[in-house]
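All I have is the shape, not the residue letters:
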Ligand SMILES: Nc1ncnc2c1ncn2[C@@H]1O[C@H](COP(=O)(O)OP(=O)(O)OP(=O)(O)O)[C@@H](O)[C@H]1O
């Protein structure tokens, strides 16, 4: 099995403050991985570093053997917050932008996503509710045929029926060898699709476990295991 994400001795500071320290992480191709950790643990920062959006780190980060930023951007689909777009821009223009910039963007896939998420392309970005905006963000991210998807808390404002639909579509539409790293505070909702979890605590990877191992060795569900790790009553790696 090949690796899709390899991080060695990663150290990252922001304004002199250590955010991530001595992070080592290997994720195999094809896996759906839950990135868990409390507020401020460093999940978004880690995703931004993997995606090549955050720079100025020490150590090595390679994605499908690529370590150059431009190459990483071409193979990583990151659920970006669309903050770079003018708020008066219509959704259809944003979709055209994605088509132009990302050669792996699939209009067909987007149309299916937009259909079931009921995204209205005539609306302007500023007219979207929080949940609709999140639907658009995840719709755009999943419409690329990428090798690695980084979905950063994609469901915060999305209603529960749509969440279920999106979670089911993630399994159906994921290209076989593609890897998905997904952070979410509602662990129980995504638990059924996860192959493994990575827990960020104390500025580093505190534990990495397959769901099978958690079930067999610890006799627990992911949520139970995660809570115990955070409370300090479960042994970590
Ligand atoms: N622009 C910034 N300048 C300084 N510190 C920052 C900046 N952005 C994030 N941080 C700090 O980096 C740490 C990690 O933040 P990050 O957003 O990666 O956490 P997170 O795990 O994604 O949290 P959440 O679950 O709340 O989204 C926090 O201590 C945060 O205060």
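In hand now; what should we look at? All figures in this text were calculated on a predicted structure; none of them were measured in a lab.

going forward, measure contacts and count neighbours with C-alpha atoms only.
Noted.

got any ranges where the chain has weak pLDDT?
Along the chain, the parts satisfying pLDDT under 70 run over 1, 233-237.

Around the ligand, pick out the residues from it.
14, 15, 19, 37, 38, 39, 40, 41, 42, 43, 44, 45 (CA under 6 Å from any ligand atom).

Filter those residues down to the ones in helices?
43, 44, 45 (DSSP state H).

Would you format the residues you listed as CSV with neighbour count included?
Output for those, formatted as CSV (neighbours: other CA atoms under 10 Å):
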residue, neighbour count
43, 26
44, 17
45, 17
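
which among the residues you listed gets closest to residue 107?
residue 44 (27.5 Å; CA to CA).

Just the closest of the ones in helices among the residues of the chain next to the ligand to residue 142, please.
Using CA to CA, these come closest to residue 142 at residue 44, 17.9 Å.

Need the contact partners of whichever helix or strand residue 100 is part of.
Using DSSP states H and E, residue 100 falls within helix 91-101. For helix 91-101, contacts defined as CA atoms under 8 Å, 6 or more residues apart in numbering pick out 85, 105, 106, 107, 120, 121, 122, 123, 124, 125, 140.

What are the boundaries of the strands in the protein?
Secondary structure of the chain by DSSP state E: the strands cover 3-14, 17-28, 32-36, 58-63, 76-78, 148-152, 179-183, 196-201, 204-210.

Mind putting the ones you listed into JSON lines with mean neighbour count and distance to residue 167?
As requested, the strands of the chain are exported to JSON lines (neighbours: other CA atoms under 10 Å; distance: least, CA to CA, whole Å):
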{"stretch": "strand 3-14", "mean neighbour count": "17", "distance to residue 167": "21"}
{"stretch": "strand 17-28", "mean neighbour count": "16", "distance to residue 167": "20"}
{"stretch": "strand 32-36", "mean neighbour count": "25", "distance to residue 167": "11"}
{"stretch": "strand 58-63", "mean neighbour count": "19", "distance to residue 167": "24"}
{"stretch": "strand 76-78", "mean neighbour count": "25", "distance to residue 167": "17"}
{"stretch": "strand 148-152", "mean neighbour count": "25", "distance to residue 167": "12"}
{"stretch": "strand 179-183", "mean neighbour count": "24", "distance to residue 167": "11"}
{"stretch": "strand 196-201", "mean neighbour count": "22", "distance to residue 167": "16"}
{"stretch": "strand 204-210", "mean neighbour count": "18", "distance to residue 167": "19"}
